[in-house]
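[1] Requesting a structural model of the entry that follows:
(chains A and B)
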Amino acid sequence: MSDPATAGAPPAPLLEMRNVTKRFGAFEALKGVDFDLYPGEVHALLGENGAGKSTLMKIVAGVQPATSGTLRVGGEEVAFRGVGDAQAHGVAMVYQELALATDLSVAENLFLGRLEPFVSHRRLAERARPLLEQVDLDVPPLTPLGALAVGEQQLVEIARALGQERRVLVFDEPTAALSSAETERLFGLIRRLKERGVGIVYISHRLEEVFAIADRVTVLRDGRRVLTAPLAELTPDDVVRAMVGREVLRFQREPTVRAAAPPFRFEYGGDGLAPGAIELRPGEIVGAAGVVGSGRNKLLATLFGLGGEARLDGARVASPADAIAKGMFLVPEDRKLAGLVLDLSVRENLTLAILPRLVRAGMFLDRRQEGQEARRWIERLHLRPPEPEKPVVELSGGNQQKVVVGKALATGPRVLLLDEPTRGVDVGARSEIYRVIDELAREGMAILVASSDTEELVGLADRLLVFRHGRVAVELTRPLDDKEVVAHVTGARQVA
Amino acid sequence: MSQAPGRWRELIARFGLLLALVVMVIVLASISDRFLTTSNIINVLRQISVNAIIAFGMTVVIIGAGIDLSVGSLLALVGVSAALLATGAGLPVWLVVVIAVVLGLLLGLVNGLFVGYAGVAPFIVTLAGLTIFRGAALVLTDGRPISGLPPFFSRLGYGTFLGLPLPIWIMFGVLLLTFVLLRHTALGRAIYAVGGNREAARLSGIPVRRVLAFTYAFSGFATAIAAIVLTGRLNSAQPTAGQAFELDAIAAVVVGGTSLAGGRGGVWGTLIGALIIGVINNGMNLLNVSSFYQQIVKGGVILAALLLDRALSRREG
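    Below you'll find the model as predicted:
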């Protein structure tokens, strides 16, 4: 296979980004990043969560503009005004979350947004067939998309991106939902696209795939580019070393496991999770690591009665309400979607899960006790500003997250499930959240943390479960090492 | 730092409605000297009472991110049922009233069970309720109005207490009850939470389905009270009563600043919304504006209220 960067006279790059920055308020997600892509090249883009990969590629795909810096496509300087604009320039993105209409047919989805006002289903199906053949997907084009397996839907999404003449294709974790056979098909397709001179950006957490398919790699860390090199010159360990070692705070705690106390024994399974069991001891913090779709987050959802089957000490967990009654509480991954009621105040959110406890005379809320309860958590979590009546929507991300944690703690759980407890949280609030988690473990709470942030897990966890393909692939114990964890999570241990 | 404009914005958002009402009153008072008389003010309050009572129940449903289109028909069905019981069955009036209110509550609960437990869209469930309840009212009465009611009803419709007509007292009673429910009970808080973010409410252990079912039962309860009041005002019960009342109630709620998306709003706003609509109707009557034009103006006011609400609730990013 010829390396396009070295084969004869270097061709002009398809995509060229220089000194690109992106700011969200005070937060700088990209700090002067350079990136380029040549015809017929597969360029892997790696980095831990929050490193800036998706932000960078959203600029390429026209989802959002850069704050500063230049973007050239085929030598022409562009500033995309939207996704359609980027597509007109031959740039498209295949998303990890499916962006398709499940009630429409496969064929309709393939041409979504480009449908003529009147078109017969038969003609549409005919036009769809060659595209489906390209991705080796053998389904009738008029099947409703929702009837397909998730992996097949992902292939439809890819076929759609192929539908238009593309020069640049961005794949954002395309294999998260694919089986290994489907992944092989995808790789075959990527190789054919390469031969046609299409440039491909490949975002993934799985190093084995990156080494199997990509020509070059760029690693981002904290919004900066830390490495760009041909993969032939690198080992998996080199890449892992470039990925970890973020310059954010390093939290380290002393283990607080109470060996004498009886453990909570969970059994779980179903909904994409292989049957298994874990024990959590009071005072213990257990981490769950793994790439997107590995089962890391699904574990917490299942234990909390949100799908699959779970038992705590033999008793079935039927629903979230049941889980709460059994002494559990979940701090969900997406605070805006599932953690907070944005229209309500800090006080009202903090007490949302303990309303039955604040009731007097059968139905009336004891406003004084409610106020005390709210102030207690505002103080303990150092909420800024410390105003119970402020609508949560007006708080910073970090303080919003503290409210979600406070709501959980108000219930006095014995087992706390934390799903990405510091995603999108600034460093200050992050250290406060770590401090509180540590205190809670000291007080004897059993804590299970799922996170995509390796440093976070290494700093917090006494024990670490690494998930791959819906099951615990390996269990690591203290002392934990970042590089070893990343190597297990990405599967580099299997490559090297 | 846009501290000062932010504060203004908040004040306008909070009291803008009241301000709009006051401006309207001042304008109408300067045009017509009959407008700002005690008798006319009481007249306006009495005119809005039935709509306001229904709208208070509707407020609870809408805060829970639902909608209840069945209230007009439910009002008719409860009204004729009460009238039939009072005339035909010879039951004591107090028992008739109790049965009517419980009937409204149960009919609303049926709506609520479909929404909460069967997961059918509120619009569809209550649209079905709208036609079914109307049909039932027509079947029960053979399409004819029922008159010859015991004197209790006309006393309720026309009697006064401390100089104020009873319908106005009843309206304030339901207002207070709804306010306490929404602001001082755990159930009320749960309604805001379910309407604001159903998933977050569920993960907090709130029995979402039960809460949803309750909101429709409460709407049925409030509508049943409105049905008794209206029956008293008309001194008869008509199976065709209450047509399009759901739209007037929704209008009062929306003009009153409660968000159709759920989770935001309150019952005082609904009172002001009902007053604004009532004052517009009354003012145009005093000015002899044709009822055809009145409908156009009313629609315009609803649109203006929605635009204002959108402009104010757009948060600075």
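[2] The residue positioned nearest the centre of chain B and chain A: what is the separation?
    Centroid-nearest residue in chain B: B:Ala55, 1.2 Å away (criterion: CA atoms, centre = their mean). Using CB to the nearest CB, to the nearest Å, B:Ala55 is found at 20 Å from chain A. Where C-beta positions appear, they are placed from N, C-alpha and C, glycine not excepted.
[3] how about B:Ile302, what does it touch?
    Taking CB atoms under 8 Å, 6 or more residues apart in numbering or on different chains as the criterion, B:Ile302 is in contact with B:251, B:254-255.
[4] Let me know the closest of the residues you listed to A:Leu71.
    B:Val254 (44.6 Å; CB to CB).
[5] How many residues are close by that closest one?
    Applying other CB atoms under 10 Å in any protein chain shown, we find 24 residues neighbouring B:Val254.
[6] Show me what the helix or strand where it lies is packed up against.
    Counting by DSSP states H and E, the element that carries B:Val254 is helix B:245-255. Contact here means 3 or more CB pairs under 8 Å, 6 or more residues apart in numbering or on different chains; DSSP states H and E; on that basis helix B:245-255 packs against helix B:38-63, helix B:71-84, helix B:267-286, helix B:291-313.
[7] quick one, that helix and helix B:71-84 angle?
    130 degrees (axes from the mean of the first three to the mean of the last three CA atoms, to 10 degrees).
[8] On the three-state scheme, the nearest residue to A:Pro39 once chain neighbours are set aside is what?
    Leaving aside its sequence neighbours, A:Pro39 sits nearest to A:Gly197 (CB to CB, 6 or more residues apart in numbering or on different chains; 4.3 Å). Classification of A:Gly197 by DSSP: H, G, I helix; E, B strand; the rest coil places it in coil.
[9] can you check the one 4 residues further on too?
    The three-state label for A:Val201, taken from three-state DSSP, comes out as strand.
[10] try the one 4 residues further on
    Put simply, A:His205 is coil when judged by three-state DSSP.
[11] Just give me the neighbour total for it.
    By other CB under 10 Å, neighbour count at A:His205 equals 25.
[12] so how far is chain B from it?
    27 Å.
[13] pretty sure that residue is touching A:Thr490, no?
    Yes. Using CB atoms under 8 Å, A:His205 is in contact with A:Thr490, at 5.7 Å.
[14] Any chance of the helices and strands packed on helix B:245-255 in CSV with mean pLDDT as columns?
    Listed next are the helices and strands packed on helix B:245-255 as CSV, based on pLDDT from 0 to 100:
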stretch, mean pLDDT
helix B:38-63, 96
helix B:71-84, 97
helix B:267-286, 92
helix B:291-313, 79
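[15] Of all these, which one comes closest to A:Asn349?
    Closest approach to A:Asn349 among these (CB to CB): helix B:38-63, 16.4 Å.
[16] so what does that closest one touch, helix or strand wise?
    With contacts taken as 3+ CB pairs under 8 Å, 6+ apart, helix B:38-63 sits against helix B:71-84, strand B:164-165, helix B:166-184, helix B:186-196, helix B:208-234, helix B:245-255, helix B:267-286.
[17] What residues sit buried inside it?
    Buried residues in helix B:38-63, counted by 16 or more other CB atoms under 10 Å in any protein chain shown: B:40, B:44-63.
[18] re earlier: using JSON lines, lay out the contacts of B:Ile302 together with pLDDT.
    Shown next, in JSON lines, are the contacts of B:Ile302 (pLDDT from 0 to 100):
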{"residue": "B:Ala251", "pLDDT": "93"}
{"residue": "B:Val254", "pLDDT": "90"}
{"residue": "B:Val255", "pLDDT": "90"}
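[19] Which secondary structure state does A:Glu389 sit in?
    For A:Glu389, the assignment made with three-state DSSP gives coil.
[20] tell me the contacts of it?
    Listed by CB under 8 Å, 6+ apart, the contact partners of A:Glu389 are A:345-347.
[21] gap between A:Arg471 and B:Val174?
    Shown here: A:Arg471 relative to B:Val174, a distance of 58 Å by CB to CB, to the nearest Å.
[22] Those two: who's more crowded?
    Shown here are A:Arg471 and B:Val174; by other CB under 10 Å, B:Val174 has more neighbours (23 against 15).
[23] from what I can see that one touches B:Phe56, true?
    Yes. Between B:Val174 and B:Phe56 a contact is recorded at 5.3 Å, counting by CB under 8 Å.
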